[in-house]
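Trainee: I'd like to go over a predicted model; first the sequence, then the structure.
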Amino acid sequence: QVQLVESGGGLVQAGGLLRLSCAASGRTVSRYAMGWFRQAPGTGREFVAAVSRNGGSIAYEDSVKGRFTISRDDAKNLVYLQMNSLKPEDTAVYYCAADSSRYYSVSRYSSDYEYWGQGTQVTVSS
């Protein structure tokens, strides 16, 4: 199985940017479709973005389209989430997740992802 560790979170002012990284170990990330989810206090885990195993399919949650970019570097066993034009409502714990069942497509449902990181906090101040 794969182990996932997120990094890159922090405190940033509204309009700023952050790049989150997800480092995989144990198995190569190329075996998985990869997703990013987030969870704010008192809310459920929300889909943010995902990239298919072959990189050909990418999906974003509507509120982050045009601001966030997901990418993967299989050679380095890393997945990234570039977050630009951050808003206070982006404040949450961000999780990286791996889905072994899809190759060409992605899922927006957290239940479809078998492996999860521990999360990294992103706080956007107004």
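Mentor: Right, received. Where do you want to start? Numbers count the residues shown, from 1 in each chain.

Trainee: any residues touching stretch 50-58, and which ones?
Mentor: 30-36, 49, 59, 70-72, 79, 99, 102-108 (C-beta atoms under 8 Å, 6 or more residues apart in numbering). Just so you know, the C-beta spots here come from the backbone N, C-alpha and C atoms, and that holds for glycine as well.

Trainee: in that stretch, what's buried?
Mentor: 50-53 (16 or more other C-beta atoms under 10 Å).

Trainee: what's the spacing between it and its chain's center?
Mentor: Remark: stretch 50-58 is offset 12 Å from the chain centroid, using C-alpha atoms, centre = their mean, to the nearest Å.

Trainee: i'd like the first residue to be 671 from this point on
Mentor: Okay, using 671 as the starting number, the last item reads as stretch 720-728.

Trainee: about what we covered before: list only buried entries from the contacts of stretch 720-728.
Mentor: Buried, going by 16+ other C-beta under 10 Å: 702-706, 719, 729, 740, 742, 749, 769, 772, 776-777, out of those.

Trainee: Any idea which of those residues the model trusts least?
Mentor: pLDDT is lowest at R772 among the buried ones among the contacts of stretch 720-728; the value there is 91.

Trainee: That residue: what's its closest spatial neighbour, skipping adjacent residues?
Mentor: With C-beta to C-beta, 6 or more residues apart in numbering as the criterion, R772 has its nearest non-adjacent residue at 4.5 Å, and that residue is A703.

Trainee: Now do the contacts for the one you found.
Mentor: A703 touches 720-723, 768-773, 775-777, counting by C-beta under 8 Å, 6+ apart.

Trainee: With secondary structure and distance to T713 as added columns, please give these in JSON lines.
Mentor: What follows is the contacts of A703, written out as JSON lines (DSSP: H, G, I helix; E, B strand; the rest coil; distance: C-beta to C-beta, whole Å):
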{"residue": "A720", "secondary structure": "strand", "distance to T713": "19"}
{"residue": "V721", "secondary structure": "strand", "distance to T713": "24"}
{"residue": "S722", "secondary structure": "coil", "distance to T713": "27"}
{"residue": "R723", "secondary structure": "coil", "distance to T713": "29"}
{"residue": "A768", "secondary structure": "strand", "distance to T713": "23"}
{"residue": "D769", "secondary structure": "strand", "distance to T713": "22"}
{"residue": "S770", "secondary structure": "coil", "distance to T713": "27"}
{"residue": "S771", "secondary structure": "coil", "distance to T713": "26"}
{"residue": "R772", "secondary structure": "coil", "distance to T713": "26"}
{"residue": "Y773", "secondary structure": "coil", "distance to T713": "31"}
{"residue": "S775", "secondary structure": "coil", "distance to T713": "26"}
{"residue": "V776", "secondary structure": "coil", "distance to T713": "22"}
{"residue": "S777", "secondary structure": "coil", "distance to T713": "20"}
